[in-house]
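[1] Provided below are the primary sequence and the corresponding predicted coordinates.
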Amino acid sequence: MIGTNEHREIVDWEKTTEDGRTVYVIEYSEPVPEPTGRSKTLFGAGSGGTVPAGEQHFELPDGTHIPATEAAFDADGTTLRVRRKRSVVDRLRRYLPW
């Protein structure tokens, strides 16, 4: 689960919509850093090996999985906001007539 460890747990969360995009606002029991890189606690493979970049994901409180390459974060104290970045294809669709 995103942002949790042996000392930090999720206290409350909500799923909202901003600008037509889903945003998760997650409140933790203690300050949470903005996830960066590929932390073992977020992406560790059960076999001890590495997880290919295309298969890495974040699990959100409702069970939704967001690919690590598409996740964007904003951390403020004990609150973490998680949203899915628009993919390159989605951004191109906005400008191309097809």
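    Sure, I can see it.
[2] Pass me the low-pLDDT residue ranges in the protein, would you?
    Within the chain, the segments meeting pLDDT under 70 span 36-54, 86-94, 97-98.
[3] Kindly recompute the last result at 50.
    For the chain, the stretches with pLDDT under 50 are 39-45.
[4] which stretches of it form strands?
    Assigned by DSSP state E, the chain shows strands spanning 10-18, 21-28, 57-59, 65-67, 71-76, 79-84.
[5] Return the second one as CSV; C-alpha atoms alone will do.
    It refers to strand 21-28. Extracted C-alpha coordinates of strand 21-28, given in CSV (Å, rounded to 0.1, in the frame of the first residue of the first chain):
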residue,chain,number,x,y,z
ARG,A,21,-9.3,13.6,-13.1
THR,A,22,-9.4,11.3,-10.1
VAL,A,23,-7.4,12.5,-7.1
TYR,A,24,-6.8,10.4,-4.0
VAL,A,25,-6.2,12.4,-0.8
ILE,A,26,-4.7,10.1,1.8
GLU,A,27,-4.1,11.1,5.5
TYR,A,28,-1.4,9.2,7.4
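[6] Now do the buried residues in that strand.
    Val23, Tyr24, Val25, Ile26, Tyr28 (16 or more other C-beta atoms under 10 Å). C-betas here are computed from N, CA, C, even on glycine.
[7] For Arg81, see how far away Trp13 is.
    Trp13 is 11 Å from Arg81, where distance means C-beta to C-beta, to the nearest Å.
[8] residues shared between the contacts of those two?
    Common neighbours of Trp13 and Arg81, counting by C-beta atoms under 8 Å, 6 or more residues apart in numbering, are Tyr24, Val25, Ile26.
[9] which residues does the first one contact?
    Read it as Tyr24. Residues in contact with Tyr24 (C-beta under 8 Å, 6+ apart) are Trp13, Glu14, Lys15, Thr16, Leu60, Pro61, Arg81, Val82, Arg83.
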